[in-house]
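>>> Okay, predicted coordinates and the sequence, questions at the end:
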Amino acid sequence: MTNIVVIIPAYNEENSVGRVIQDIPASLVKEVIVVNNNSNDQTAIVAKEAGATVLDEVRQGYGFACLKGIDYLKKMECKPDIVVFLDADYSDHPEELPQIVAPILENDVELVIGSRALGDKERGSMTPQQVFGNWLATKLIKWFYGVIYTDLGPFRAIKYDRLIDLNMCDETYGWTVEMQVKAAKQGLKSIEIPVSYRVRVGKSKISGTIKGTILAGYKIITTIFKYK
């Protein structure tokens, strides 16, 4: 059986992280890893009660949390075959995980991006600045790297070995775009799969604030230029 693990970065998501874990198809996934990113609520407790392995990362940042999860994978005696990344806010549909990993299992694809732009997006689930930011970032990636994406969606799957080869290093907002840009530069076989997207539980720490939106936008654009 293919060894699939899920990494879920989580910051103050006590009201949603349990639902995310419960909706992940248990028959497909060997381990769910929640990285508690310096939460000051009950995120870690809820995640553990839902059956996840909980890691603590006190350095604030989406990238820091993902890197913590990868460090954990590197120390495993039996390394995973596929790593799935999924947000903790319940905006993605965890039950769609089979569709996300299918191209890797069936067609030897190396990276799968869940595209909200191609899928069923609930009204209000993405802010206008998110939609515009994704459009601009994917256009720049196409111009600079010759690879067509429609989204920088957080719901994604990648072969473990390819993930390690990418040598991911972004610590904050540029994580998703760094992965896609590096994958393009290394010539990874990638594909987008339409995914459903709903209004998240609670308020976004990034797109829900002016500061977060500006910082995220700046980091995404500079990351695209950084690896050119």
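That came in fine, so what should we check first?

>>> for the helix or strand encompassing Gly63, the distance to its chain's centre please.
According to DSSP states H and E, Gly63 maps onto helix 62-74. Distance of helix 62-74 from the chain centroid (CA atoms, centre = their mean, to the nearest Å) equals 12 Å.

>>> Let's see that helix as PDB, backbone CA atoms only.
The C-alpha trace of helix 62-74 is given here as PDB (Å, rounded to 0.1, in the frame of the first residue of the first chain):
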ATOM      1  CA  TYR A  62       3.200  29.100   7.300                       C
ATOM      2  CA  GLY A  63       6.500  28.000   5.800                       C
ATOM      3  CA  PHE A  64       8.000  27.400   9.300                       C
ATOM      4  CA  ALA A  65       5.100  25.100  10.000                       C
ATOM      5  CA  CYS A  66       5.600  23.200   6.700                       C
ATOM      6  CA  LEU A  67       9.300  22.900   7.300                       C
ATOM      7  CA  LYS A  68       8.700  21.500  10.700                       C
ATOM      8  CA  GLY A  69       6.500  18.800   9.200                       C
ATOM      9  CA  ILE A  70       9.200  17.900   6.600                       C
ATOM     10  CA  ASP A  71      11.900  17.600   9.300                       C
ATOM     11  CA  TYR A  72       9.600  15.100  11.000                       C
ATOM     12  CA  LEU A  73       9.300  13.100   7.800                       C
ATOM     13  CA  LYS A  74      13.000  13.000   7.300                       C
END
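
>>> Give me the contact list for the following helix or strand past that helix.
The element immediately downstream of helix 62-74 (helix or strand, assigned by DSSP H and E) is strand 82-85. Contacts of strand 82-85 from elsewhere in the structure, counted by CB atoms under 8 Å, 6 or more residues apart in numbering, are 2-9, 29, 66, 70, 73, 97, 100-101, 104-105, 154-160, 163. In short, each C-beta sits where N, CA and C put it, glycine included.

>>> how about 6 Å then?
Strand 82-85 is contacted from outside by 4-7, 101, 104, 156-158, 160, 163, using CB atoms under 6 Å, 6 or more residues apart in numbering.

>>> so how far does stretch 154-164 reach from one end to the other?
18 Å (CA to CA, to the nearest Å).

>>> Once you drop chain neighbours, what's closest to the residue positioned nearest the centre of the chain?
For the chain, the residue nearest the mean C-alpha position is Pro154 (3.2 Å; CA atoms, centre = their mean). Nearest residue to Pro154, sequence neighbours excluded (CB to CB, 6 or more residues apart in numbering): Asp87, at 4.7 Å.

>>> just Gly124 next, same as before
Take Gly124 and drop its neighbours on the chain: the residue closest to it by CB to CB, 6+ apart is Val199, 5.3 Å away.

>>> Leu105 too?
Going by CB to CB, 6+ apart, Leu105 has Thr2 as its nearest residue, at 6.2 Å.

>>> and the one you found, what pLDDT?
On pLDDT, Thr2 comes in at 94.

>>> Show me what the lowest-mean-pLDDT helix or strand in the chain is packed against.
Using mean pLDDT, DSSP states H and E, helix 210-226 stands out as the lowest-scoring helix or strand of the chain, at a mean of 74. Secondary-structure packing of helix 210-226 (3 or more CB pairs under 6 Å, 6 or more residues apart in numbering; DSSP states H and E): helix 128-145, helix 175-186.

>>> ok, the spatially most distant residue from the centre of the chain to Val35 distance?
Here the chain reaches farthest from its C-alpha mean at Glu77, the gap being 24.0 Å by CA atoms, centre = their mean. Relative to Val35, Glu77 is positioned 20 Å away (CB to CB, to the nearest Å).
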